[in-house]
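S.K.: Below is the sequence, then the predicted model.
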Amino acid sequence: MAEKQTEKRHEGAKNLDLNSDAEILALLAIGQAEAAAAVAQAAPAIARAAETAAASIRSGGRLIYAAAGSSGLMALADALELPGTYGLERDRIVVLLAGGMAALSDMKGGPEDDGEEAREAVVALKLGPLDCLIALTASGHTPYPIEAVRAAKAAGARTIGLANNADALLFDIVDVPVFLPTPPEVIAGSTRMGAGTAQKIALNMLSTLMAIRLGHVHDGLMVNVLADNEKLRGRARGIVAEIAKVDDAAAARALDISKGAVKPAVLIAAGADADRANALLEQQEGNLRQALLALHG
């Protein structure tokens with residue numbers, strides 16, 4: 001079997017432990033930068049994945065992440081922030097982590113091989129054609145995410161797979177494969193480094209593009225933010241004020257009327273009453289730009 005890219009030795013790592021601190025850190029920084037740069041090559045596949053995920057959310061389905069180890073941490077980081085940043089319902093974002101949530105305080109290697117645990121977790125969710133499962137594995141062969149995909153496909157769900165080896169088994173079974181061609185790790189096989197960085201960036205891109213296509217971003221502003229602390233309430237006022245071209249006090253009044261929801265608050269600040277604002281958004285499937293155009297004729 002050919003050596004996997006994620007297991008190859010980095011050419012610059014020979015005698016690494018004999019180098020100075022500055023030299024070691026410089027090489028590690030270069031490794032991170034090269035891993036990040038590799039993601040750009042996957043942009044077309046990430047775009048397809050984002051549309052697939054958006055189609056599930058748009059139709060009322062759920063987004064399920066399945067992964068183990070470092071990939072699981074990348075998945076968890078992406079998933080946990082979607083409700084607050086883009087207002088997605090929390091019960092529509094699910095994370096399946098090998099070893100369960102106990103792995104967050106004691107991450108063992110064994111659970112990544114437990115494909116049966118993954119199958120049982122997916123079956124328990126009762127997935128269907130509206131749902132979408134995103135599987136991550138640096139090697140592309142980890143049993144936990146592989147079996148999660150197989151169970152999801154058996155249930156008729158959409159599937160996306162991210163991996164860092166071109167020959168990934170994962171790519172043979174998902175609907176949308178996303179290959180992240182990261183170079184060999186500075187610490188051979190330590191995929192929490194370059195591969196993990198690339199996965200985090202790819203997930204950031206995927207979920208952000210998904211949110212944009214769902215109409216939750218307007219001119220680079222998060223117009224579906226869940227403002228549940230003072231910082232975010234201040235941000236929400238600023239967003240409403242900027243888009244509707246009103247002062248902070250008017251933005252605050254509009255947000256009071258909309259009970260903190262930014263999109264209807266923008267329309268209220270722009271001249272609509274609450275019923276009209278909500279009706280426009282419903283007609284335009286939540287797209288604020290189209291709702292504003294309709295409001296102004």
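M.R.: Great, that's in hand.
S.K.: Would you check the distance separating stretch 169-185 from the middle of the chain?
M.R.: 16 Å (Cα atoms, centre = their mean, to the nearest Å).
S.K.: so Asp248 sits right up against Glu242, yeah?
M.R.: No. Taking contacts as Cβ atoms under 8 Å, Asp248 lies outside contact range of Glu242: 10.4 Å. (Each C-beta comes from the backbone N, C-alpha and C, glycine too.)
S.K.: how about the helices in the protein?
M.R.: For the chain, the helices defined by DSSP state H occupy 21-38, 43-58, 69-86, 115-125, 143-154, 170-173, 194-213, 230-244, 248-257, 262-269, 274-283, 288-295.
S.K.: Those: which one's closest to Val94?
M.R.: helix 115-125 (6.5 Å; Cβ to Cβ).
S.K.: what comes into contact with the closest one?
M.R.: Under the criterion Cβ atoms under 8 Å, 6 or more residues apart in numbering, residues 62, 64, 66, 94, 96, 98, 111, 131, 133, 143-148, 150-152, 155 lie in contact with helix 115-125.
S.K.: Check stretch 185-196 too.
M.R.: Contacts of stretch 185-196 (Cβ under 8 Å, 6+ apart): 6-10, 12-13, 16, 27-28, 31-32, 34-35, 69-71, 73-74, 138-139, 164, 180, 182-183.
S.K.: Just the buried ones out of the residues you listed, please.
M.R.: Among the contacts of stretch 185-196, those scoring as buried are 6, 10, 13, 27-28, 31-32, 34-35, 69-71, 73-74, 138-139, 164, 180, 182-183 (criterion: 16 or more other Cβ atoms under 10 Å).
S.K.: Return the most buried member of the helices of the chain.
M.R.: Compared across those, helix 262-269 shows the largest average neighbour count, a mean of 28 (mean count of other Cβ atoms under 10 Å).
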